[in-house]
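Participant: fold the following for me, if possible:
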Amino acid sequence: MVDRFTKTGWKRVDEQVGRGTLRGHILVDQLYAEDQHNNPTYKHDDGGMQYLTRPLVSNAQTYMSWVAGALLHAGPVAGMRRAVDHLNDSMQRTAPHEHGYLARSGRVTVYDNGRIAYRKGPAQRRLSKAELNAIVKREPGL
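Facilitator: Next up is the predicted model:
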């Protein structure tokens, strides 16, 4: 069967860019990240609960258009890379900023058919429990 793109000289999309699963992933790599994201009792003037979900939902259509727009000329990985980098930057604005450790802890990865196609480490490394305890003693409120 010939599809309408083949009739006009275009290759089928799956022949041009392939098939499979494309997935973007951000891990906010601090011991307290999940609790900060999901605990509704925390009150932060400059960000807080759902700091990753809120920018994802707000920008979902834009991210889909970036992946779709990159599909034929740069490949879907390029669009997903742009989307997860932007989400990571947006998360930095919505995460709590008391100490700045959480907001800068996003580790970005794009998987193409289960293989890592792109990875960017966090600006802030994961702090140990001892380091966090020392910060809390020095600066209560973490």
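Participant: mind listing the strands for this structure?
Facilitator: 22-28, 106-112, 115-120 (DSSP state E).
Participant: buried deepest among these, which one?
Facilitator: Ranked by mean neighbour count, the strands of the chain are led by strand 106-112 with a mean of 20 (mean count of other CB atoms under 10 Å). All C-beta spots, glycine's among them, are computed from the backbone N, C-alpha and C.
Participant: where does the protein dip in pLDDT?
Facilitator: Applying pLDDT under 70 to the chain picks out residues 1-17, 44-48, 139-142.
Participant: contacting residues for the residue nearest to A33 when sequence neighbours are not counted?
Facilitator: Leaving aside its chain neighbours, A33 sits nearest to L102 (6.1 Å; criterion: CB to CB, 6 or more residues apart in numbering). Counting by CB atoms under 8 Å, 6 or more residues apart in numbering, L102 touches 28, 30, 32-33, 36, 51, 95-96.
Participant: let's see 10 Å
Facilitator: By CB atoms under 10 Å, 6 or more residues apart in numbering, the contact list for L102 reads 28-30, 32-33, 36-37, 47, 51, 91-92, 95-96, 124, 127, 142.
Participant: same check on K129?
Facilitator: Contacts for K129 (CB under 10 Å, 6+ apart) come out as 31-32.
Participant: mind doing that once more with 8 Å?
Facilitator: K129 is in contact with L31, counting by CB under 8 Å, 6+ apart.
Participant: so how far is Y111 from the residue nearest to A33?
Facilitator: Distance, L102 to Y111, using CB to CB, to the nearest Å: 24 Å.
Participant: then S90?
Facilitator: 20 Å.
Participant: S128 too?
Facilitator: 28 Å.
Participant: and for M91?
Facilitator: Taken as CB to CB, the span from M91 to Y111 is 19 Å.
Participant: likewise for S65?
Facilitator: 20 Å.
Participant: circling back to that earlier point, want to throw the strands of the chain into TSV with distance to T41?
Facilitator: Below are these laid out as TSV (distance: least, CB to CB, whole Å):
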stretch	distance to T41
strand 22-28	19
strand 106-112	24
strand 115-120	32
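Participant: and those: which comes nearest V136?
Facilitator: Nearest of those to V136, taken as CB to CB: strand 22-28 at 18.6 Å.
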